[in-house]
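Engineer: need coordinates for the below:
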Amino acid sequence: MLFVKDQDGSYRPAPKKLVLTEANRLIGYQLRRGSLILSSDCAKKVIGYKLGGRQNEVFACLFLDYRHRILAFKEMFFGTINHTTVHPREILKEALLQNAAAVILAHTHPSGNTQPSDQDIKLTHDLKSILKVVDVRILDHLIIGDDVTSLSDLGLLEEKKA
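Structural biologist: Take a look at the predicted model:
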């Protein structure tokens, strides 16, 4: 339980809205330009808090420089309860605009199930191929629902052997 001090100097339970507002402010601070993303766990934590609890699918990108410092976090596409359309061209344009060397993809599964679908995996590999042409690496693709699943942690970002 979180308590706040009121005008009389007494402490009382903090209202839910105040707690959520402060949490969003702190997450925004962690996603500020120049912050380092040093691990999959770090990315999962900050992006998971930022996108968690959404009622519709949202597809976002965290654009990073060559030292994995944040350039920008952009919510790029918005969809329905179980689908969103992702336009690779727009991700490429934004990566070039940000002068990004790397990107972490993320999207929500409002159902709560974070098991990657075949479509999620195919989209990731398609984007990886497209962005590779302009030397932008995809470091991870996170799926946010009841928890956060990392395609990188599952070994699903590795090059397919011919």
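
Engineer: can you map out the strands along this protein?
Structural biologist: The residue ranges that make up the strands of the chain, judged by DSSP state E, are 3-5, 11-13, 58-64, 70-78, 102-108, 137-144, 148-150.

Engineer: paired strands for the first one, with orientation please.
Structural biologist: Using DSSP bridges, strand 3-5 pairs in its sheet with strand 11-13 (antiparallel).

Engineer: and the contacts of the strand it pairs with?
Structural biologist: Residues lying outside strand 11-13 but in contact with it, judged by Cβ atoms under 8 Å, 6 or more residues apart in numbering, are M1, L2, F3, V4, K5, D6. In short, each C-beta sits where N, CA and C put it, glycine included.

Engineer: rerun at 6 Å
Structural biologist: Residues from elsewhere that reach strand 11-13 (Cβ atoms under 6 Å, 6 or more residues apart in numbering): M1, F3, K5, D6.

Engineer: how close does the nearest residue to I81 once chain neighbours are set aside sit to L151?
Structural biologist: Distances taken as Cβ to Cβ, 6 or more residues apart in numbering put P110 closest to I81, at 5.3 Å, once the chain neighbours are dropped. Counting by Cβ to Cβ, to the nearest Å, the gap between P110 and L151 amounts to 19 Å.

Engineer: have a look at those two and say which one is more surrounded.
Structural biologist: Between P110 and L151, counted using other Cβ atoms under 10 Å, the more crowded position is L151 (21 against 17).

Engineer: okay, now K17: neighbour count?
Structural biologist: As a measure of burial, K17 has 8 neighbours, counting by other Cβ under 10 Å.

Engineer: quick check: the residue nearest to I81 touching H83?
Structural biologist: No. The pair P110 / H83 is not scored as a contact, 10.3 Å apart, by Cβ atoms under 6 Å.

Engineer: which residues of the chain fall in helices?
Structural biologist: All helices of the chain, identified by DSSP state H, fall at 16-30, 40-51, 88-98, 118-132.

Engineer: and among those, the most buried is which?
Structural biologist: Each of these was given a mean neighbour count from mean count of other Cβ atoms under 10 Å, and the largest, a mean of 19, is that of helix 40-51.

Engineer: between it and strand 137-144, how many degrees?
Structural biologist: Angular relation of helix 40-51 and strand 137-144 on a 0 to 180 degree scale: 50 degrees, by axes from the mean of the first three to the mean of the last three Cα atoms, to 10 degrees.

Engineer: make 50 the first number, not 1, from now on.
Structural biologist: Taking 50 as the first residue, the last one we looked at is helix 89-100.
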